[in-house]
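>>> what shape does this take:
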Amino acid sequence: MEIDLKGHLALVTGGSGQLGRVICRILGDCGANVVVNYRQNAEKAAELVAELTAKGVQALAVQADVTDALAIRKMQASIESELGAPDILVNNAVSQYQWQPVLAQNAADFESQFRSCVLHNVLMAQAFVPAMVEKRWGRVIAINTECAMQNAPNQSAYVSGKRGMDGVLRVLAKEIGEHQITVNQVAPGWMISENVPNDDTESQRNYQANVPLKRRGYDRDVANLVAFLASDLANFISGQYISVSGGNVMPTI
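Residues are numbered from 1 along each chain as shown. Take a look at the predicted model:
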């Protein structure tokens, strides 16, 4: 049994970022054609497209701010003219900001997280799901976080955005499921990646002590789940928030 995504077109927002790049590579390894969305890092996006093309799949880099409806519509037109309509969406992009206690957090940071978590998912669905409805096949996969369950100090803007996103996506799963489109969330823990090393620091040791597997995972562990959810192996899984955290958080029944 293998994950076979040949014949599908995946669009990964924030595809030039550290997690996005790995997701794009894994989807390409599974045979999917891949659109790498980026906001600013054109050089990284171009390098990734060259890497994906060398694997034998079609790839395209498209710039767009995914919190802006007009930018998304322009991206949609560009993708469809080049490669057709994506049938796999991976909503991965998120705005970065400085975490502060609730009493000190700037209101603009809450607004930015709403736009990059909630509005991002809404606008992408409005632009790209209609073609999936027509096809009667599609995947919407959004990257959430274990923080949405932890509610730790200083995470309020991030958590509020991700929990709002969770609500939107659960509703969306119910609204479009009859068209054989699944909607799921992948929620990473503190993963090891190109820019987030595996280092023997006190914060890492404290974190690992609470993880049942007693270690941190890798960005590819997240990407592997994305690929599974994008495949026909997961065609009866929808509306789910799935943790990739070694058991650090455990959604309950």
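>>> hey, let's count contacts and neighbours off CA atoms from now on
Fine.
>>> so where do the helices sit in the chain?
In the chain, the segments counted as helices under DSSP state H are 18-29, 42-54, 69-82, 107-113, 120-135, 147-150, 156-176, 202-209, 219-230.
>>> tell me which of these sits most buried.
Comparing the helices of the chain by mean neighbour count (mean count of other CA atoms under 10 Å), helix 18-29 ranks first with a mean of 23.
>>> what angle separates it from helix 42-54?
Inter-element angle recorded for helix 18-29 and helix 42-54: 20 degrees (by axes from the mean of the first three to the mean of the last three CA atoms, to 10 degrees).
>>> check which helices and strands helix 18-29 sits against.
When contacts are defined as 3 or more CA pairs under 8 Å, 6 or more residues apart in numbering; DSSP states H and E, helix 18-29 packs onto strand 9-12, strand 33-38, helix 42-54, helix 219-230.
>>> what's the separation between the closest residue to Val168 other than its chain neighbours and Glu111?
Nearest non-adjacent residue to Val168, counting by CA to CA, 6 or more residues apart in numbering: Val118, 7.1 Å away. Separation of Val118 from Glu111 (CA to CA, to the nearest Å): 10 Å.
>>> tell me the spacing between the closest residue to Asn235 other than its chain neighbours and Asn106.
Computed as CA to CA, 6+ apart, the closest residue to Asn235 that is not its neighbour in sequence is Thr182, at 7.1 Å. Distance, Thr182 to Asn106, using CA to CA: 35 Å.
>>> between those two, which one's more packed in?
Thr182 (26 against 15; other CA atoms under 10 Å).
>>> residue contacts, the more buried one?
Counting by CA atoms under 8 Å, 6 or more residues apart in numbering, Thr182 touches Gly138, Arg139, Val140, Ala173, Ile176, Asn235, Phe236, Ile237, Ser238, Gly239.
>>> beta partners for it?
On the basis of DSSP bridges, Thr182 is bridged to Arg139.
>>> nearest spatial neighbour of Arg73, skipping sequence neighbours?
Leaving out its chain neighbours, the residue that sits closest to Arg73 by CA to CA, 6+ apart is Ala127, at 6.6 Å.
>>> quick one on the thing from earlier: can you check the pLDDT for the residue nearest to Asn235?
Here, the pLDDT recorded for Thr182 equals 98.
>>> how far away is it from Asn37?
The gap separating Thr182 from Asn37 is 21 Å, by CA to CA.
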